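A.B. asks: what would the 3D arrangement of this be:
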Amino acid sequence: MKEIQSSKNQLIKEMKKFHQKKQRDKEQKYLLEGYHLVEEAVLHGAMIEQLFVDPKGLADYGEWLEKQALELTLVTEEVLKSLSELPTPQGIVALVHKEERIISDYRGKWLLLDHVQDPGNVGTLIRTADAAGFSGVILGEGSADIYSTKVLRSMQGSHFHLPVISANLFEVIDQLKKEKVPVYGTELNPEAITYTSIPESASVAFILGNEGQGVQKELLTQTDQNVYIPLYGAAESLNVGVAGGILMYHFASLSNVNEHLRKC
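C.D. replies: Below is the predicted model of the structure:
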């Protein structure tokens, strides 16, 4: 086992560069913090290039680490803090290769995010899509980087469970239409219908937009129908993460109920 005792070590300096999106994009790698997320990476066969633990991490996770065929570097608590972006580091940090995902079949249930910038919202939406049994999440231009620490913490490993890619949403909508997948935008206007009016179907795509501006008008003109979630109190709008959860779980429950009825 290698040991590093200084945050000025050249390898540590190189690792800290991955706090920047530019470096993550260039190298197609990212830092993953915490035992649960590193365990998820191992369980789903992600390529882990480096694994750093401090003495507490080694004591807490040593038995698990011994079973993994991973290159391990023991660092001091100070060094681990320099690698971490968490207020309270959890003793373990991994350098992980990004997984290239290519979508060849758009049939299924998809969530499209248009300029959703808040990392917590992006992570929550991906995690909810995972929990609701969606096929994948597609992030358009201007959305938060899923490999930032805040999004990774909020996703809780869901990016290992389903495809999460970045793409041009106009091109994605064209492809969805070619495969006859109904596309619903989210918009509050007289032409929109309540989300409970969405008919059950084998495939669907929902577009959620920026926290302040909503979905781009140009995208909304490309949808099959736009929907809204009624507001019964005095609030002007719903948090985009909450709105996405309502839409996804409503459609998922509708599909599951109808599937159950078909089997009866």
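A.B. asks: give me the phi and psi for Ile193.
C.D. replies: Phi and psi for Ile193, reported as degrees, to the nearest 10, are phi -110, psi 160.
A.B. asks: pretty sure it sits against Gln225.
C.D. replies: Yes: the pair Ile193 / Gln225 is scored as a contact, 6.3 Å apart, by C-beta atoms under 8 Å. Backbone N, C-alpha and C define where each C-beta goes, glycine included.
A.B. asks: so for the two, which residue has more residues nearby?
C.D. replies: Taking neighbours as other C-beta atoms under 10 Å, Ile193 and Gln225 compare with Gln225 leading, 15 against 12.
A.B. asks: partner residues bridging that one?
C.D. replies: Counting by DSSP bridges, Gln225 is bridged to Tyr184.
A.B. asks: distance of it relative to Glu78?
C.D. replies: 56 Å (C-beta to C-beta, to the nearest Å).
A.B. asks: how close does His161 sit to Leu37?
C.D. replies: With the distance defined as C-beta to C-beta, His161 ends up 12 Å from Leu37.
A.B. asks: and the two? which has more neighbours close in?
C.D. replies: Comparing His161 with Leu37 by other C-beta under 10 Å, the one with more neighbours is Leu37, at 22 against 17.
A.B. asks: what sits against the closest residue to that one other than its chain neighbours?
C.D. replies: Once flanking residues are discounted, Leu37 sits nearest to Gly157: 5.6 Å by C-beta to C-beta, 6 or more residues apart in numbering. By C-beta atoms under 8 Å, 6 or more residues apart in numbering, Gly157 lies in contact with 36-37, 40-41, 44.
A.B. asks: any quick PyMOL command for the buried ones out of these?
C.D. replies: With 16 or more other C-beta atoms under 10 Å as the criterion, this PyMOL line picks the buried residues out of the contacts of Gly157:
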select buried, resi 37+40+41
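A.B. asks: how about TSV for the contacts of Gly157, with secondary structure, distance to Trp64 and pLDDT added?
C.D. replies: Converted to TSV, the contacts of Gly157 look like this (DSSP: H, G, I helix; E, B strand; the rest coil; distance: C-beta to C-beta, whole Å; pLDDT from 0 to 100):
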residue	secondary structure	distance to Trp64	pLDDT
His36	helix	11	96
Leu37	helix	13	97
Glu40	helix	13	97
Ala41	helix	13	97
His44	coil	16	95
